[in-house]
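*Asks:* predicted model, plus sequence, below.
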Amino acid sequence: MADYIIAIDQGTTSSRAIVFDKAGSIISTGQLEHEQIFPKPGWVEHDPMEIWANVREVIGLALAKAELTRHDIAAVGITNQRETAVVWNKKTGQPVYNAIVWQDTRTQDIVDRLAADGGVERFKPIVGLPLATYFSGTKIVWILENVEGAREAAEAGDLLFGTTDSWVLWNLTGGAEHDGVHATDVTNASRTLFMDLETLQWRDDILEVFGVPKSMLPEIKASSEVYGTVASASLLREVPVAGILGDQQAATFGQAAFDTGESKNTYGTGNFLIFNTGTEIVHSKNGLLTTLGYKLGDDAPHYALEGSIAVTGSLIQWLRDNLGFFWSAPEVEALAKSVDDSGGAYFVPAFSGLFAPYWRADARGALVGLTRYVNKAHIARAALEATAFQTREVIDAVNADSGVTLAELKVDGGMTANDLLMQFQADILGVDVVRPVVAETTALGAAYAAGLAVGFWTSLDDLRANWQEDRRWTPNLGEADRERRLRQWKKAVTKTFDWVDDDTRDS
């Protein structure tokens, strides 16, 4: 009998395979990092072949650690970095270019060109998204316009596009040799700029404006259904692949935030707040995105508002890798704790511009409020506090759009292990911050979606029963101090605006 589900979590910095049991507990994990490629300022790439090789290896690692075989696995779920774009040749299985990562800003000229007729919100009433470098649609255009032979191959029907879930699914189910399944789910499709939120179908008129052949695009499926089975060459051969959710929607699902008004905030490479609006499409007036939350089989889709923050955990990586502040990311907490506050310093990490709620592509990072008193411990503390400040601004936008004041914040992701950050998050929000026992909710959500599709779990109530509170942080900062710090943060944010001009975009 198959007693486990395996989830593939293809993330921005690593790929993982995690085995879960029926209680939603982690049995084993395999994880490998992949290279972060920075060809030019603002350009961020991954090697899709390295990612696929790592996915195969981490599956083997997870199975070996738990001493399991394919016969023990009921289904495979996939979750992924959402807006990262891969374009590959369906005959050879080879990418025509590196994956262009969601953080990449090279497509700003394409955004400007498309926005010349109707502004950045030109398609937002249909797709829920503003025109921005963040989303995968403009990345496809860049590849078609800049990679030799790509346009001709696409017009001939030889090229396929996918976010990394589609790339993994296609390879996992057979690839070029065995006619791999070319599909995605509604959550990932809703991040392309091409999917109609109401019909859940690709919009031919928008594709025509972008100049993207429809033949490149994957079939849009539910988040929980059987897409196909794993190909014979894999350790998981014949196991059904039955769940796909973009990483932030997967984390929301893993937090059991299934109902209208429920939410979560994930602390990873960036931060992403998802607020479930149920079966209603809510268009934000405060800088949030309207997106798909999930769709189970033939059931009605659930929608969400999202506050996307580009740089949080990656700022800590930057302090480690670019400035050498410490050897490992967890060391930032001890360094930041060695001082009582940030010494008046504020760090606005607009490395890829500013996402929600500002959407300022012209912004760049700024460290302000410096005096000679400030040392690297103060800067480390300011970097952690930047995560909490950005989250506060997104939650303010959610409260304004929904008309409901958030009573507490459910959190997950790697940075929630940082007690200093979580306490400051509670302090700057003025509400409790709650972490579940299983903090790997992204992979758990993908496992849940896959398990529901094959009857491993029978209902959402089964999943709700698995959720358990691990830790709660209660605010202890006074209101006056909270508002003073927030006022200074907002002032710091304004210092990042209007930095990029036409002649400084690539420098």
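*Replies:* Done, it's in. Numbering: from 1, shown residues only.

*Asks:* going forward, measure contacts between C-alpha atoms and count neighbours the same way
*Replies:* Noted.

*Asks:* who are the neighbours in contact with Arg203?
*Replies:* Contact analysis of Arg203 by CA atoms under 8 Å, 6 or more residues apart in numbering lists 194-196.

*Asks:* want to try a markdown table for those residues, with neighbour count and distance to Gly324 as columns?
*Replies:* Formatted as a markdown table, these follow (neighbours: other CA atoms under 10 Å; distance: CA to CA, whole Å):
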| residue | neighbour count | distance to Gly324 |
| --- | --- | --- |
| Phe194 | 27 | 41 |
| Met195 | 24 | 42 |
| Asp196 | 20 | 45 |
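
*Asks:* now render the residues you listed as TSV, adding distance to Ala132.
*Replies:* Shown next, in TSV, are those (distance: CA to CA, whole Å):
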residue	distance to Ala132
Phe194	13
Met195	15
Asp196	17
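
*Asks:* format those residues as TSV; extra columns: distance to Gly228, pLDDT and secondary structure.
*Replies:* Output for these, formatted as TSV (distance: CA to CA, whole Å; pLDDT from 0 to 100; DSSP: H, G, I helix; E, B strand; the rest coil):
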residue	distance to Gly228	pLDDT	secondary structure
Phe194	24	97	coil
Met195	23	97	strand
Asp196	25	97	coil
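
*Asks:* which one of the residues you listed is nearest Leu354?
*Replies:* Phe194 (22.4 Å; CA to CA).

*Asks:* what's the mean pLDDT across the longest helix along the chain?
*Replies:* Longest helix in the chain, counting residues (DSSP state H): helix 376-402. Mean per-residue pLDDT for helix 376-402: 94.

*Asks:* flag the shaky bits of the stretch 401-507 of the chain, pLDDT-wise.
*Replies:* 502-507 (pLDDT under 70).

*Asks:* now the helices for it?
*Replies:* Residue ranges of the helices in the stretch 401-507 of the chain, as given by DSSP state H, counting those that start in this stretch, are 419-429, 441-453, 460-466, 479-494.

*Asks:* okay, the ones you listed, which one's buried deepest?
*Replies:* For the helices of the stretch 401-507 of the chain, average neighbour numbers computed from mean count of other CA atoms under 10 Å are highest in helix 441-453, which has a mean of 30.

*Asks:* what about dumping the CA coordinates of that helix to PDB?
*Replies:* Below are the C-alpha coordinates for helix 441-453, written out as PDB (Å, rounded to 0.1, in the frame of the first residue of the first chain):
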ATOM      1  CA  THR A 441       4.200  24.600   3.900                       C
ATOM      2  CA  THR A 442       5.100  25.100   0.200                       C
ATOM      3  CA  ALA A 443       6.000  21.500  -0.400                       C
ATOM      4  CA  LEU A 444       3.200  20.400   1.900                       C
ATOM      5  CA  GLY A 445       0.600  22.300  -0.200                       C
ATOM      6  CA  ALA A 446       1.700  20.500  -3.400                       C
ATOM      7  CA  ALA A 447       1.600  17.200  -1.500                       C
ATOM      8  CA  TYR A 448      -2.000  18.000  -0.300                       C
ATOM      9  CA  ALA A 449      -3.100  18.900  -3.900                       C
ATOM     10  CA  ALA A 450      -1.700  15.600  -5.300                       C
ATOM     11  CA  GLY A 451      -3.100  13.500  -2.400                       C
ATOM     12  CA  LEU A 452      -6.600  14.900  -2.800                       C
ATOM     13  CA  ALA A 453      -6.600  14.000  -6.500                       C
END
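
*Asks:* thank you kindly, that will do.
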